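Asks: This is a predicted model, with the sequence first.
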Amino acid sequence: VCTHFYQNDCQYPKELEQQVEKALNLVESRTGRKFGDSTNPLLVSVRSGARASMPGMMDTVLNLGLNDTTVEALAKKSGDRRFAFDS
């Protein structure tokens, strides 16, 4: 995707959004959670992927989907408000 983006005037592949949505829907159906849901939120972690090894450059974004609304749901579901806000 990164190569495509830079070789195509900073445009993502047309099919990317549909592929991500399909994959996210699959995870939601398997976990019973919904991304962005205010009562049973799905949180995901995203790891970058490079074709070549780049030590120190593999950032991971944790708890994607956590916001002011979903953190309250996480606090309620976990029974641990501090855990939710530390996430």
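Replies: On my side now, so go ahead.
Asks: CA only for contacts and neighbour counts going forward, please
Replies: OK.
Asks: which secondary structure elements does the longest helix seen in the chain contact?
Replies: Ordering each helix of the chain by length in residues (DSSP state H) puts helix 16-31 first. Applying 3 or more Cα pairs under 8 Å, 6 or more residues apart in numbering; DSSP states H and E, one finds that helix 16-31 contacts strand 34-35.
Asks: Now whatever helix or strand comes next after the strand it packs on: average pLDDT?
Replies: The C-terminal neighbour of strand 34-35 among helices and strands, as given by DSSP states H and E, is strand 41-42. The predicted model assigns strand 41-42 a mean pLDDT of 95.
Asks: what helices or strands is strand 41-42 leaning on?
Replies: With contacts taken as 3+ Cα pairs under 8 Å, 6+ apart, strand 41-42 sits against strand 34-35, helix 68-78.
Asks: Go through the last one and flag the buried ones.
Replies: Okay, so that is helix 68-78. Within helix 68-78, the residues that count as buried by 16 or more other Cα atoms under 10 Å are 70, 71, 72, 73, 74.
Asks: which intervals of the chain have sub-threshold pLDDT?
Replies: Scanning the chain for pLDDT under 70 picks out the ranges 50-58.
Asks: same thing but at 90, please
Replies: Scanning the chain for pLDDT under 90 picks out the ranges 1-3, 45-63, 87.
Asks: Could you find the closest non-adjacent residue to residue 46?
Replies: The shortest distance from residue 46 to any non-neighbouring residue, by Cα to Cα, 6 or more residues apart in numbering, is to residue 61 (5.1 Å).
Asks: Contacts for the helix or strand hosting that neighbour, please.
Replies: Taking DSSP H and E as the definition, residue 61 sits inside strand 60-64. For strand 60-64, contacts defined as Cα atoms under 8 Å, 6 or more residues apart in numbering pick out 43, 44, 45, 46, 47, 48, 87.
Asks: Go through the residues you listed and flag which are in strands.
Replies: 44, 45, 46, 47 (DSSP state E).
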